[in-house]
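Asker: turn this into a model:
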Amino acid sequence: MRLIRKTSAVDEVFQVIQKRIVNGELAVGHRFPPQEVMAEQMGVSRSTIREAINKLTTLGFLAAKPGVGTMVVGDGPDNLVSALGQHIFISSAEVPQFVEARLYLEKAAVRLAVLKAGDEELKRLEDLLPRQKEVCRKGNTELFSELDSQFHRAIIESSHNQMLMRFLGLIWDGLSQFISEVNRLQSAAENALHFHQLLVKYLLARDLAGVERTLVEHLQDVALNIERNIGKDIGLKAMFRQEMEYSLPEISGKLAGC
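Answerer: Numbering: from 1, shown residues only. The predicted structure follows:
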């Protein structure tokens, strides 16, 4: 059973502003005062205002206009997928394909990491966890996203497969941006940390079935979070449903001889 998390100040500010936009109290074109003024008005820190505005901007409610400030630009989160795609040279319709490509790239990587990763490489992954936990606790989304990207890159490097590394190089900037955008969504960083801990656990145990299952669950959680926040079905749930239905029978525990 998952613990119920307390609502953070960032989430409260996010919900207050979002509700005012959705109910029409803040119309498209409304311009917000400087963040320090908003922080004083709402009785929170400037960093809290900044994080809440970042989330609302990612979801397509707000936009920063040079020389003007932060403005309301929409009353719904339809622009999230565009925000995820604008830095990786894909259309909104191709975002599910990007997620699918990432899924199969990393599935191959974790399989090979179970077989080939050395003790030092596994220790490197393990050492990233306390740092992720600390910055997650502090609510530093930007730094957590950097560590998140490092974690996934380290797994792929542990595969000792140069072709996978070349493929990763082709999409690395986009993948890093994708991770950063998703981690701004509510509970995304906390959920990512949970799955990272499980991935390390199964990698240390050389448990192929466990690590592959956890990776699929991790990326499925990311996909569901995206669709939940944009409020529409873009095909991600169906993709993971198919993945679950057609996956090969679960491979038994540890690999013999590892």
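Asker: quick check: next helix or strand after the helix or strand bottoming out on mean pLDDT in the chain?
Answerer: Least confident helix or strand, the chain: helix 80-85 with a mean of 51, by mean pLDDT, DSSP states H and E. Counting by DSSP states H and E, the element after helix 80-85 in chain order, helix or strand, is helix 95-116.
Asker: next, the contact list for the residue nearest to Val44 when sequence neighbours are not counted, please.
Answerer: Once flanking residues are discounted, Val44 sits nearest to Ala9: 5.2 Å by C-beta to C-beta, 6 or more residues apart in numbering. Bear in mind the C-beta positions are built from the backbone N, C-alpha and C, glycine included. Taking C-beta atoms under 8 Å, 6 or more residues apart in numbering, we find Ala9 in contact with Val44, Ser45, Thr48.
Asker: roughly how far does Ala9 sit from Gln18?
Answerer: Going from Ala9 to Gln18 by C-beta to C-beta, to the nearest Å gives 15 Å.
Asker: report the separation between Gln41 and Phe98.
Answerer: In this view, Gln41 and Phe98 are 39 Å apart by C-beta to C-beta.
Asker: between those two, who's got more neighbours?
Answerer: Phe98 (17 against 10; other C-beta atoms under 10 Å).
Asker: where does Ala27 fall, secondary structure wise?
Answerer: Going by DSSP H and E, Ala27 is not in any helix or strand.
Asker: do you know how far it is from Met38?
Answerer: 18 Å.
Asker: equivalent analysis for Ile226, please.
Answerer: The gap separating Ile226 from Met38 is 27 Å, by C-beta to C-beta.
Asker: and if you look at Glu212?
Answerer: Taken as C-beta to C-beta, the span from Glu212 to Met38 is 45 Å.
Asker: now swap in Met163 and tell me
Answerer: Counting by C-beta to C-beta - Met163 and Met38 are separated by 49 Å.
Asker: go on, Asn191?
Answerer: 28 Å.
Asker: coming back round to it: look at Met163 and Met38 and report which has more neighbours.
Answerer: More neighbours surround Met38 than the other of Met163 and Met38, with 20 against 9 (other C-beta under 10 Å).
Asker: out of the contacts of Ala9, who's nearest Leu125?
Answerer: Closest approach to Leu125 among the contacts of Ala9 (C-beta to C-beta): Thr48, at 31.6 Å.
Asker: out of everything not next to it in sequence, what's closest to that closest one?
Answerer: The shortest distance from Thr48 to any non-neighbouring residue, by C-beta to C-beta, 6+ apart, is to Ala9 (4.8 Å).
Asker: and what of Glu142?
Answerer: In space, Glu142 comes closest to Ser180 once its chain neighbours are excluded; the distance is 7.4 Å by C-beta to C-beta, 6+ apart.
Asker: just list what whichever strand or helix holds the one you found packs against, helices and strands only.
Answerer: Element membership for Ser180 (DSSP H and E) is helix 162-182. Helices and strands touching helix 162-182, by 3 or more C-beta pairs under 8 Å, 6 or more residues apart in numbering; DSSP states H and E, are helix 80-85, helix 95-116, helix 141-157, helix 208-230.
Asker: contact partners for the residue nearest to Val216 when sequence neighbours are not counted?
Answerer: Nearest residue to Val216, sequence neighbours excluded (C-beta to C-beta, 6+ apart): Glu243, at 6.3 Å. Taking C-beta under 8 Å, 6+ apart as the criterion, Glu243 is in contact with Leu103, Val216, Gln220.
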